[in-house]
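Novice: when you get a sec, could you give me coordinates for this:
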Amino acid sequence: MTLKTDLKRDVKKIFASKWEEREGRVVPEPEDLSLGNDAVELDAAVLYADMADSTDLVDHYEASFAAEVYKAYLLCASRIIKDQKGVITAYDGDRVMAVFLGDQKETSAVRTAMKISYAVQEIINPLLKEHYPQKNYLLKHVIGIDTSKLFVARTGIRNDNDLVWVGRAANYAAKLCNRNGSYSIYITRKVFESIDEEVKYGEENHSFMWSKEAWTERNNMKIYGSNWRWSV
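Specialist: Numbering: from 1, shown residues only. The predicted model follows:
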């Protein structure tokens, strides 16, 4: 049998097999699902945290310095995500994906984003300047958040597979963190309408934390941007 024959057989099996679906309350491990058409449906908020301008970083600075910046950002983001009860589902270069579940999932995701922004501005960048005073570099980042039903399936081949997250929230959150705008955090209107007052208004003078924008790439749908930070 040739590789082409094997691929045609396996793809036909995917399209012909009936899906076995069930509702989930926790983020599954790959071992919880079969490689067949087996899936868990979750109601989740998805956060993508991504370093901005990482191409310029690797183009203009030595690899060891770029790697230290990557490691510092992903360390802080990941520790904060776990502290806020998020579940890390993937690392992709200079970005991390996390899922939040439960009644307060959107508020938890937004608070996490604000804490990551705090870590960038108050921990990573000051220490970068202290340790590398001769380098003219400051870390910037963008976080995207959306919420929706997610269809979680296992993909790949035996001994080399992972989970795939199918649904609006995973797609929109990833695209929002690619925005080259004025804000470090972007959320969809659905997230904004679900979050608590504590992450809508500042505590000191009750200032509104968000600015409304039109997402031109998505038929001018309403999104919200913020540069507010939350102390860790």
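Novice: what helix or strand is the closest residue to G24 other than its chain neighbours located in?
Specialist: Of all residues not flanking G24 in the chain, V40 sits nearest, at 3.8 Å (C-beta to C-beta, 6 or more residues apart in numbering). (Glycine included, C-beta is placed from N, CA and C.) Counting by DSSP states H and E, the element that carries V40 is strand 38-51.
Novice: what does W228 give?
Specialist: Counting by DSSP H and E, W228 is part of no helix or strand.
Novice: just the pLDDT at the residue nearest to it when sequence neighbours are not counted, thanks.
Specialist: Among residues not flanking W228 along the chain, M209 sits closest, at 4.5 Å (C-beta to C-beta, 6+ apart). Note on M209: pLDDT of 93.
Novice: for M209, what are its contacts?
Specialist: V199, K200, Y201, G202, S226, W228 (C-beta atoms under 8 Å, 6 or more residues apart in numbering).
Novice: top of these by neighbour count?
Specialist: Most neighbours among the contacts of M209, by other C-beta atoms under 10 Å: V199, with 24 neighbours.
Novice: my guess is it meets T107, correct?
Specialist: Yes. Counting by C-beta atoms under 8 Å, V199 touches T107, with 5.7 Å between them.
Novice: relative to the lengthiest strand in the chain, what are the paired strands and their orientations?
Specialist: Determined from DSSP state E, the single longest strand within the chain is strand 141-157. Paired neighbours of strand 141-157 in the sheet (DSSP bridges): strand 38-51 (antiparallel), strand 160-166 (antiparallel), strand 185-188 (parallel).
Novice: which parts of it are buried?
Specialist: 141-148, 150-154 (16 or more other C-beta atoms under 10 Å).
Novice: average pLDDT for the strand holding V40?
Specialist: 92.
Novice: and the helices in the chain?
Specialist: Assigned by DSSP state H, the helices in the chain fall at 3-16, 54-60, 63-83, 105-119, 125-131, 168-176, 189-192.
Novice: specify the angle between the first one and strand 141-157 in degrees.
Specialist: Which is helix 3-16. Angle of helix 3-16 versus strand 141-157, following axes from the mean of the first three to the mean of the last three C-alpha atoms, to 10 degrees, is 110 degrees.
Novice: for the residue nearest to the spatial centre of the chain, give its distance to R9.
Specialist: The C-alpha lying nearest the average C-alpha coordinate of the chain belongs to Y48 (C-alpha atoms, centre = their mean; 1.4 Å). Y48 sits at a distance of 35 Å from R9 (criterion: C-beta to C-beta, to the nearest Å).
Novice: tell me the contacts of V69?
Specialist: V69 touches M51, L57, I124, L128, Y137, L139, counting by C-beta under 8 Å, 6+ apart.
Novice: then Q134?
Specialist: Applying C-beta under 8 Å, 6+ apart, no residues qualify as near Q134.
Novice: how about it, phi and psi?
Specialist: phi -80, psi -10 (degrees, to the nearest 10).
Novice: so where's the protein uncertain?
Specialist: 1, 159, 203-206 (pLDDT under 70).
Novice: same thing but 80
Specialist: 1, 18-20, 25, 30-31, 35, 53, 157-162, 202-206 (pLDDT under 80).
Novice: pretty sure the residue nearest to G24 is touching S34, no?
Specialist: No. V40 is beyond contact range of S34, at 11.4 Å (criterion: C-beta under 8 Å).
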